[in-house]
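Participant: Just to be clear, the model below is a prediction. Sequence and coordinates:
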Amino acid sequence: MGYNGRRRVVLAANITAQAAGLHVGMAAATAQVLVPGLLIRPADPAADATALNRLALWVLRHYAPIAAADPPDGIVIDTTGTDHLHGSEAAMLFTMIERLEASGFAARAAIADTWGAAHALARYTDRPIQIVPPGSTVAAIAPLPIAALRLPPTMIAELRTLGFTRLTDLMVAPRAPLTLRFGPEVVRRLDQALGRVAEVIDPIRPAALIEVRRNFPEPIAAAETIARYIGKLVAQLCTMLEANGLGARHLDLICHRIDRRAQAVRVSTAMPTRDVKRLVRLLHDKIETIDPGFGIETLDLAATLAEPFNMKQHASTLVEDAVPDVSDLIDVLANRVGEHRVYRAEPVVTDVPERSVRRIPALTPETGATWPTQWPRPPRLLTPPELIETVALLPDHPPVSFTWRGIRRRVKRADGPERVFGEWWKRDAELAAVRDYFRVEDDSGERFWIFRAGDGQDSATGSHRWFLHGVFG
């Protein structure tokens, strides 16, 4: 609750409150009449702003080098040049929202050509994730209400009185009368959303951020010049990291152009490092992605994620074999193809085959976990298991034959069943779930791993359909 003038009004309402008929702007007395015993808390704008800045810092460290708070309830991010590190734009937004919801935040996200368009789509559409293809901004935002333009409430109310309800109404309206009546704000906000006027994001910078900057009296644009100054900035930054006992995990280079636009590049490392040559090489690989425009007037290099750096003593070749260091190769590959594509497999303690392995970062320390060996497992699993047609005698016998991908195969040998129970502690639906697995060999000597969903008797244990889950050899 807060005050609008002298009136005490609702400033925020959770989903339950909205379902009960409460909304932002409603008088507090009305809300208390609608919901007896309503829990009311006074608004704390300063605490909200602090929390929003913390979220912006989290986004800065994990997703993109240019991020800032977008009060009162948003974060604005420039993801150019970094979305590939997370798989794709959609994968990045999905992961971000999933992690926010796990922390108790309800979130929606949008990606568009401009800050104004993304702001509007994230707040005035029903989709939790929306990605507008480049060049499609006008069509995407035209149906939205005029409140999406980030105009003062009094101005929005006056525009509605004049008959403007959607952004498309403003797009086709003569500009001179709008400017004469409302000043430049309406046209400016519309042009920002459409990309006709640049809107600069002032990135958030934590107080303890290790950062170096180079201003140029004359703008630079040549790739060779950019590369030379990258080397100088990295050397300065590594000196500062060493003084603080840290190593870089995320290194962000922001190129401020003379047209007030920024080009950002992010490189990541698997382990904390302050190796100048390695970091310079990773940044040099990204120079081709930088568009200098009419020239770059400032280069800003920051270690947005830094961790304690532990010095390691090199092994003596007289005593033991030196362990090869592949972290440099992993860093190069991860920054070229994305961190999600460079990984290794780790066993998971579970009886459910498709859950028995997970992807972990390539340099994660060994845990000593191994896969079970009491029953042979095929080297190739199908994800998901594929439905097959079978001729089988229930409940305990393997199929006499099965048809997979249009080819009928006669079973010559079979071994099983191996019964696998559902993990009821993870999902209620698996409380009674059962699978019976068989290793079978056909007439041509090919071996397969098949299972029946259910115990062959009780329909509550599964559908009793057969699936092919893996191939041996």
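Facilitator: Cool, the structure landed. Treat the numbers as computed from the prediction; the structure is a model and nothing was measured.
Participant: State the phi and psi torsions of the residue positioned nearest the centre of the chain.
Facilitator: Residue closest to the mean C-alpha point of the chain, counted by CA atoms, centre = their mean, is Met92 at 2.5 Å. With angles defined as degrees, to the nearest 10, Met92 sits at phi -60, psi -50.
Participant: Make sure it is actually in contact with His86.
Facilitator: Yes: look at Met92 against His86 with CB atoms under 8 Å: they come within range, at 3.8 Å. Yep, even glycine has a C-beta here, placed from its N, CA and C like the rest.
Participant: which residues are in contact with both of those two?
Facilitator: Common neighbours of Met92 and His86 (criterion: CB atoms under 8 Å, 6 or more residues apart in numbering): Tyr63.
Participant: State the distance from Arg405 to Glu339.
Facilitator: From Arg405 over to Glu339 the distance is 35 Å, taken as CB to CB, to the nearest Å.
Participant: what do you get for Arg61?
Facilitator: Taking CB to CB, one finds Arg61 at 14 Å from Glu339.
Participant: Below-threshold pLDDT in this structure: ranges please.
Facilitator: Residue ranges of the chain with pLDDT under 70: 1-6, 311-323, 372-373.
Participant: can you pull the contacts of Leu22?
Facilitator: Going by CB under 8 Å, 6+ apart, Leu22 touches 10, 13, 31, 34-35, 38.
Participant: Regarding it, what is its secondary structure?
Facilitator: coil (DSSP: H, G, I helix; E, B strand; the rest coil).
Participant: Show the contacting residues for the residue lying closest to it once chain neighbours are set aside.
Facilitator: Leaving out its chain neighbours, the residue that sits closest to Leu22 by CB to CB, 6 or more residues apart in numbering is Ala13, at 4.7 Å. Contacts for Ala13 (CB under 8 Å, 6+ apart) come out as 22-24.
Participant: Looking at those residues, which one is closest to Pro272?
Facilitator: Proximity of the contacts of Ala13 to Pro272 (CB to CB) peaks at Val24, which lies at 44.7 Å.
Participant: And the closest one, how far from Leu382?
Facilitator: According to CB to CB, Val24 and Leu382 sit 50 Å apart.
Participant: can you point me to the longest helix in this structure?
Facilitator: When the chain is parsed with DSSP state H, its longest helix is helix 223-243.
Participant: CA atoms of that helix as CSV?
Facilitator: Only the C-alpha atoms of helix 223-243 are listed here, as CSV (Å, rounded to 0.1, in the frame of the first residue of the first chain):
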residue,chain,number,x,y,z
ALA,A,223,40.3,-4.1,-36.5
GLU,A,224,44.1,-3.9,-36.0
THR,A,225,43.8,-0.8,-33.8
ILE,A,226,41.0,-2.3,-31.7
ALA,A,227,43.1,-5.5,-31.3
ARG,A,228,46.2,-3.5,-30.2
TYR,A,229,44.2,-1.6,-27.5
ILE,A,230,42.5,-4.8,-26.3
GLY,A,231,46.0,-6.2,-25.5
LYS,A,232,46.9,-3.1,-23.5
LEU,A,233,43.6,-3.1,-21.6
VAL,A,234,43.8,-6.8,-20.8
ALA,A,235,47.4,-6.4,-19.4
GLN,A,236,46.1,-3.5,-17.1
LEU,A,237,43.1,-5.6,-16.0
CYS,A,238,45.2,-8.7,-15.2
THR,A,239,47.5,-6.5,-13.1
MET,A,240,44.5,-5.3,-11.1
LEU,A,241,43.2,-8.9,-10.8
GLU,A,242,46.6,-10.1,-9.4
ALA,A,243,46.6,-7.3,-6.9
